[in-house]
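Student: I'd like to go over a predicted model; first the sequence, then the structure.
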Amino acid sequence: MKVAVVGKGGVGKSTISALLSAYGVEQGREVIAIDADPDMNLSSCLGVRDQVTPLIKLEDLIAERAGGGGMVKLNPRVSDIPDKFYEKVNGVKLMVFGTVWSGGGGCTCPENAFLRQILNHLILDRDEVVVVDMEAGIEHLGRGTGEGVDALVAVVEPDRRSIETKLRIEELAEDIGVDNVYTVCNKVRGEADREFLLDAIEEKPLGFIPYSEEIRKSSRNGEKVPLNKGQIRESMKEVWSDLLTNLS
């Protein structure tokens with residue numbers, strides 16, 4: 001299963017990515033979590049206390065594989081990278097990109113070619129569960145990679161702006177051939193929030209993640225997002241189950 005998690009800044013993309021990754025490990029799956037968001041929050045959400053060196057800092061390796069001095073190899077060899085450059089945290093293999101790409105920028109620098117090829121390889125060629133924490137735009141996903149994504153999960157909260165971002169993401173997804181776009185509703189405080197979200201998105205979401213003071217504290221302290229035994233766990237069980245059902 002290859003899942004890309006997107007949404008407006010602040011809705012909890014990294015939180016949902018971390019919870020999906022942790023729940024996948026609990027289900028006995030091999031999970032690779034990719035932090036492809038410039039904010040790079042996924043590490044702390046998974047419980048990494050120290051800063052993880054992003055792949056973009058591997059300057060010598062990037063120059064060797066992707067070139068430099070104006071000559072860029074658009075398809076550098078990267079198949080060995082996921083097995084060498086990762087941080088194992090609570091059973092999850094974490095890779096931090098430290099992205100250079102920007103929406104619509106079309107950068108063809110060696111760093112971008114290197115990172116994009118790694119993303120292609122992870123989505124198209126690997127057998128593990130891959131969870132990608134992306135920024136709001138999905139320009140990282142070219143047509144071939146986009147078609148390889150099993151699900152694009154748009155995270156929204158009870159906020160009109162996050163819904164508008166989701167609608168824009170759906171339009172972009174259609175342009176690159178991503179058919180399976182699903183929604184996770186985050187920070188839901190009660191029935192009024194549920195009704196607002198159901199009315200706004202006009203579809204059945206994968207699940208409703210309740211607002212959690214524990215998650216807020218973990219974010220404030222830079223600690224692991226808690227996949228506890230209460231509502232959060234039950235909500236992630238529903239999200240995971242619905243994903244598998246929809247993709248079967």
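Tutor: The structure has been received and is ready for your questions.

Student: can we go C-alpha only for contacts and neighbour counts from here?
Tutor: OK.

Student: any idea which residue sits dead centre in the protein?
Tutor: With distances taken as C-alpha atoms, centre = their mean, residue 133 lies nearest the centre of the chain, 2.0 Å away.

Student: might one say that it is in contact with residue 6?
Tutor: Yes: counting by C-alpha atoms under 8 Å, residue 133 does reach residue 6; the two are 6.8 Å apart.

Student: overlap in contacts of those two?
Tutor: residue 13 (C-alpha atoms under 8 Å, 6 or more residues apart in numbering).

Student: what's the neighbour count on the spatially closest residue to residue 117 that is not a sequence neighbour?
Tutor: Sequence neighbours aside, residue 75 is the residue nearest to residue 117 in space, at 6.3 Å (criterion: C-alpha to C-alpha, 6 or more residues apart in numbering). Counted with other C-alpha atoms under 10 Å, the neighbours of residue 75 add up to 14.

Student: flag every buried residue along stretch 20-33.
Tutor: 20-25, 29-33 (16 or more other C-alpha atoms under 10 Å).

Student: out of those residues, name the ones that lie in helices.
Tutor: 20-25 (DSSP state H).

Student: and which of these is nearest residue 67?
Tutor: residue 21 (33.1 Å; C-alpha to C-alpha).

Student: contacting residues for the closest one?
Tutor: Taking C-alpha under 8 Å, 6+ apart, one finds 31-33, 92, 131 in contact with residue 21.

Student: mind redoing it with 10 Å?
Tutor: 15, 27, 29-34, 46, 90-94, 129-132 (C-alpha atoms under 10 Å, 6 or more residues apart in numbering).

Student: returning to what we had before: please name the bridge partners of the residue nearest to the centre of the chain.
Tutor: residue 5, residue 35 (DSSP bridges).

Student: pretty sure it contacts residue 9?
Tutor: No: in this structure residue 133 lies outside contact range of residue 9 using C-alpha atoms under 10 Å: 11.6 Å.

Student: for residue 215, phi and psi?
Tutor: phi -70, psi -40 (degrees, to the nearest 10).

Student: same check, this time on residue 115
Tutor: According to degrees, to the nearest 10, residue 115 has phi -70, psi -40.

Student: can I get the CA coordinates of the longest strand anywhere in the chain in PDB?
Tutor: Looking only at the chain and at elements set by DSSP state E, the strand with the highest residue count is strand 181-188. C-alpha atoms of strand 181-188 as PDB (Å, rounded to 0.1, in the frame of the first residue of the first chain):
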ATOM      1  CA  VAL A 181      -8.500  10.400  -3.300                       C
ATOM      2  CA  TYR A 182      -9.900  10.000   0.200                       C
ATOM      3  CA  THR A 183     -10.500  12.300   3.200                       C
ATOM      4  CA  VAL A 184      -9.500  12.000   6.900                       C
ATOM      5  CA  CYS A 185     -11.200  14.500   9.200                       C
ATOM      6  CA  ASN A 186      -8.900  15.600  12.000                       C
ATOM      7  CA  LYS A 187      -9.400  17.600  15.200                       C
ATOM      8  CA  VAL A 188     -13.100  16.800  15.500                       C
END
